[in-house]
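Q: Next one to model:
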Amino acid sequence: MCKGLAALPHSCLERAKEIRTKLGTLLQKPDATIDLIIPYPDKPEKPVKTQKPSPEEALQWRDSLEKLLQNNYGLASFKSFLKSEFSEENIEFWIACEDYKKTKSPIKMAEKAKKIYEEFIRTEAPKEVNIDHFTKALTMKNLVEPSPSSFDMAQKRIHALMEKDSLPRFIRSEFYQELIK
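A: Prediction:
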């Protein structure tokens, strides 16, 4: 690539100048120019408009993961909690499955199925969820011809895992305890 200052091709000099300019600008005005260096995603994630639940409503979450997941504030809180514990892959998988089931187009469904498989199901996936061998094999078989129910068994297993393991930890968390006061 670029070696020794005397032998620098024109393109390397231009690139070095561009980087120096961006860094100089960033050091002078960090708030206004951060987007020169850090690219933003094409579609920024829209924050979910949520209303803080009443203590009575939040109390119902203790008995039902379903009620927690149906409440936007509860879902966002639960996801935040799991992220703080570095275990958000389960809720992200569950959300991806819910979105997948709403997909009407067979082409989009196949694309989403592949993405979910690559991100959560395959061995050594970046956010691999903990499902048994039988469930993984059945899910892979279902993906030969994707349908709205392709991930149902895996999603049910992860839901049960969150209900048994993650929900009790969330209920004991300081954040949840503040909500029910």
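Q: rest of the way, CA atoms for contacts and neighbours
A: Noted.
Q: Show me what secondary structure element comes after the helix-or-strand element of the chain with minimal mean pLDDT.
A: Least confident helix or strand, the chain: helix 30-33 with a mean of 40, by mean pLDDT, DSSP states H and E. Once the chain leaves helix 30-33, the next helix or strand it forms, by DSSP states H and E, is helix 55-60.
Q: Now that following helix: buried residues?
A: 57, 58, 59 (16 or more other CA atoms under 10 Å).
Q: Against which helices or strands is that helix packed?
A: helix 65-70 (3 or more CA pairs under 8 Å, 6 or more residues apart in numbering; DSSP states H and E).
Q: Now do the buried residues in whichever helix or strand comes after the helix it packs on.
A: Moving toward the C-terminus from helix 65-70, the next helix or strand (DSSP H and E) is helix 72-84. Across helix 72-84, burial judged by 16+ other CA under 10 Å covers 72, 73, 74, 75, 76, 77, 78, 79, 81, 82.
Q: Of these, which is the nearest to residue 131?
A: For the buried residues of helix 72-84, the minimum distance to residue 131 (CA to CA) is 17.8 Å, reached by residue 82.
Q: Show residues contacting the host helix or strand of residue 110.
A: Element membership of residue 110, judged by DSSP H and E, is helix 106-116. Applying CA atoms under 8 Å, 6 or more residues apart in numbering, the external contacts of helix 106-116 come out as 93, 96, 97, 100, 103, 143, 146, 147, 148.
Q: Report the backbone C-alpha coordinates of that helix in CSV.
A: The C-alpha trace of helix 106-116 is given here as CSV (Å, rounded to 0.1, in the frame of the first residue of the first chain):
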residue,chain,number,x,y,z
PRO,A,106,-42.3,-15.5,0.4
ILE,A,107,-39.1,-13.8,-0.9
LYS,A,108,-38.8,-11.5,2.1
MET,A,109,-39.7,-14.5,4.3
ALA,A,110,-36.8,-16.5,2.8
GLU,A,111,-34.4,-13.6,3.3
LYS,A,112,-35.5,-13.1,6.9
ALA,A,113,-35.3,-16.8,7.6
LYS,A,114,-31.7,-16.9,6.3
LYS,A,115,-30.8,-13.8,8.4
ILE,A,116,-32.3,-15.3,11.6
